[in-house]
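**Q** Build me a structure from this.
(one chain, ligands or ions: 2)
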Amino acid sequence: MGFLGQPNIPVVDIIDMKKSTGSGDLVCSEVRHALEEYGCFFVLCDGIITEEVNREVFDGIETLFDLPMETKIKNTSDKAYHGYIGQLPFLPLLESMGIEHAATVHGVHSFTNIMWPYGNDVFCKMIQFYAKLVSEIEETVRKMVFESYGVKKYHESYNESVTYLLRVMKYRPPNMNETKMGSVSHTDKTFISILSQNQVKGLEVKTKDNNWIPVNYPPSSFLVMAGDAFKAWSNDRVHSPYHRVVMEGHDFRYSIGLFTFHKGIIAIPEELVDDAHPRKFNSFNHFGYLDFYDKDSMFDQEYSHVKSFCGV
Ligand SMILES: O=C(O)CCC(=O)C(=O)O
Ligand SMILES: [Fe+2]
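**A** Numbers count the residues shown, from 1 in each chain. Ligands and ions are numbered 1, 2, ... in the order given. Sure, this is the predicted structure:
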């Protein structure tokens, strides 16, 4: 693990992660430590995510947002925060769309066919490539953390319940006298989120000692971030950091997030509850939590929804 001149967000190389042999090895404890202390870390993917691949991906996303509004709003879902979001009075810079079941061919095809009824093979293949790569990173991270906590036995069953939402975001530059907030401070409601962006900065993460730090992506990297569900599952060991997007300058920002949800009940492993770590959370329904967050009238940005939903 290194810091690449940015003291606050750790960096792990994907090659080291792939070489990891399981619990007790250094890279496993580094990943776990990064998630406990920072709630996030960069994964370096040199040679896998080249500049050319990045350009192709973000060109594709730009084309998607260039579709007419009446097409984009066809991106709907029965789940909160899974469909088209845009023109929100309190977040005027943001537009966002969601591709459900993004790691399945069917999920990507059905989204593409709604957006381009005559098909768009290039977009479809690009999203499939991206979702496969990033979901593999997500699974590796989860496996390493489970191993590091000595609860590897739950990994397989967790895998069977995982579902991936790929969300794409577009932030326009603010007009004069307009808010610069592309996204207000929040924690993710996911288990894990994996983020990437075009070359335009804006994401900031709050450290445990309450400092906002800019997320300066190293080339060919993703940001792995723990969500509230991971925090609760780990009985409050993993940190789910507050983060926000602040738009400076005149460029459009595009970002992509692969968001992991669990289809059903997340149980806190008994192994993670002991005298030194009394139970902090009860088992909870992950999509129930998302609905609760959606309807919770508590709009204080830095209020712990997960504690009020399933805290002991
Ligand atoms: O645009 C980004 O980089 C972050 C977006 C984000 O925090 C979210 O969608 O939850
Ligand atoms: Fe977020």
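**Q** In the chain, mark out all the strands, start to finish.
**A** Assigned strands in the chain, in chain order: 11-13, 40-44, 85-88, 91-100, 162-171, 181-186, 192-197, 203-206, 212-214, 221-226, 243-246, 253-262, 265-266, 284-285 (criterion: DSSP state E).
**Q** Out of those strands, which is closest to residue 131?
**A** Proximity to residue 131 (Cβ to Cβ) singles out strand 162-171 among the strands of the chain, at 5.5 Å. C-beta coordinates here come from the backbone N, C-alpha and C atoms, glycine included.
**Q** Direction-wise, compare that closest one with strand 91-100 and give the angle.
**A** Per axes from the mean of the first three to the mean of the last three Cα atoms, to 10 degrees, the angle that strand 162-171 makes with strand 91-100 is 150 degrees.
**Q** returning to that earlier point: now distance to residue 139 too, for the strands of the chain, in a markdown table please.
**A** Below are the strands of the chain laid out as a markdown table (distance: least, Cβ to Cβ, whole Å):
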| stretch | distance to residue 139 |
| --- | --- |
| strand 11-13 | 15 |
| strand 40-44 | 13 |
| strand 85-88 | 27 |
| strand 91-100 | 18 |
| strand 162-171 | 8 |
| strand 181-186 | 25 |
| strand 192-197 | 9 |
| strand 203-206 | 23 |
| strand 212-214 | 28 |
| strand 221-226 | 12 |
| strand 243-246 | 23 |
| strand 253-262 | 9 |
| strand 265-266 | 16 |
| strand 284-285 | 22 |
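**Q** Name the residue of the stretch 101-250 of the chain that lies nearest to ligand 1.
**A** Taking Cβ to the nearest ligand atom, ligand 1 has its nearest neighbour within the stretch 101-250 of the chain at residue 203, 4.0 Å off.
**Q** Please tell me how far that residue sits from residue 71.
**A** Applying Cβ to Cβ, to the nearest Å, the value for residue 203 to residue 71 is 28 Å.
**Q** and these two? which has more neighbours close in?
**A** More crowded of residue 203 and residue 71, by other Cβ atoms under 10 Å: residue 203, with 22 against 14.
**Q** beta partners for that one?
**A** Counting by DSSP bridges, residue 203 is bridged to residue 245.
**Q** That one reaches residue 193, doesn't it?
**A** No - applying Cβ atoms under 8 Å, one finds residue 203 not in contact with residue 193, separated by 11.2 Å.
**Q** Might you report the residue contacts of the residue of the stretch 101-250 of the chain closest to ligand 1?
**A** 195, 197, 214, 215, 223, 243, 244, 245, 255 (Cβ atoms under 8 Å, 6 or more residues apart in numbering).
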